[in-house]
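A.B. asks: Based on what follows, work out the 3D shape:
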Amino acid sequence: MIRRRTWILATLAAGLVLSLAGLSAYAHWLLSQPKEEPDGWQTIAWPFPRDGWPPGKAWRGHGLEVYIRPKLGFCGNCDTGVVEDSEVDRVTDIDLLDEKFTPLQDGKRIQITDLVGRARLYRLNMRGGERTALGIAVNYKCDLIVAIVLGNMTDAATAGVARSFLESDKVQFWVNQQLEDR
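C.D. replies: Numbering: from 1, shown residues only. Coordinates of the predicted model:
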């Protein structure tokens, strides 16, 4: 017959093991949750299928989604960079979000830090309804950096948030890594 003391010790040991297993499961769950950055921007998975270009980086925050990727050696004219709207339509991959995208207006010259190019506003028909997006193509020598900012880009305040994020250290550090030694 097992003594009472043995039962108590066995019960305490089992409780301790179950508590540690529960704590471990909670820690695993907690670590798997996406981390909200202090600036409100969260890194998300690259949503587009693989193609001839390396995958880019994607973020979500402030009601926006931002997709950026390099297209190394792709700039058609290394001296002038992207200067025509048709180039923006072609290189920004806006068609990956909506094959029948509609430009809302003529593009405009844009400068993000020391990169210069062109940006154009689009209307997209997506699963959740109609949305607007800004397509951006800027160059560094013969390399392109293309970006899509998906959200209410017709609102000046939202466009300002997007612009600030594109110029932030977080984005520029990643862009500089991609262009390193180029």
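
A.B. asks: can you give me the strands for this structure?
C.D. replies: 42-44, 57-61, 64-71, 102-103, 108-112, 115-126, 129-140, 143-150 (DSSP state E).

A.B. asks: Out of the ones you listed, which is the most enclosed?
C.D. replies: With neighbours taken as mean count of other Cβ atoms under 10 Å, these reach their highest mean count in strand 143-150, at a mean of 24. For every residue, glycine as well, the C-beta is placed using N, CA and C.

A.B. asks: what about the chain, any weak spots by pLDDT?
C.D. replies: In the predicted model of the chain, residues 1, 30-38, 75-76, 79, 181-182 satisfy pLDDT under 70.

A.B. asks: Nearest to residue 94, out of the strands of the chain?
C.D. replies: If you check each of the strands of the chain against residue 94 by Cβ to Cβ, strand 129-140 wins as the nearest, at 4.8 Å.

A.B. asks: follow-up on the earlier one: include distance to residue 24 when you put the strands of the chain into CSV, please.
C.D. replies: Converted to CSV, those look like this (distance: least, Cβ to Cβ, whole Å):
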stretch, distance to residue 24
strand 42-44, 25
strand 57-61, 29
strand 64-71, 34
strand 102-103, 52
strand 108-112, 44
strand 115-126, 40
strand 129-140, 41
strand 143-150, 38
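
A.B. asks: Specify the beta-bridge partners of the residue nearest in space to the middle of the chain.
C.D. replies: Central residue of the chain (Cα atoms, centre = their mean): residue 58, 1.3 Å from the mean position. On the basis of DSSP bridges, residue 58 is bridged to residue 44, residue 67.

A.B. asks: how near is it to residue 22?
C.D. replies: According to Cβ to Cβ, to the nearest Å, residue 58 and residue 22 sit 34 Å apart.

A.B. asks: Domain ranges for the protein, per the record?
C.D. replies: Per the record, the chain has its domains at 1-33, 42-179, by automatic domain parsing.

A.B. asks: mind checking how far residue 74 is from residue 42?
C.D. replies: Distance from residue 74 to residue 42, by Cβ to Cβ: 29 Å.
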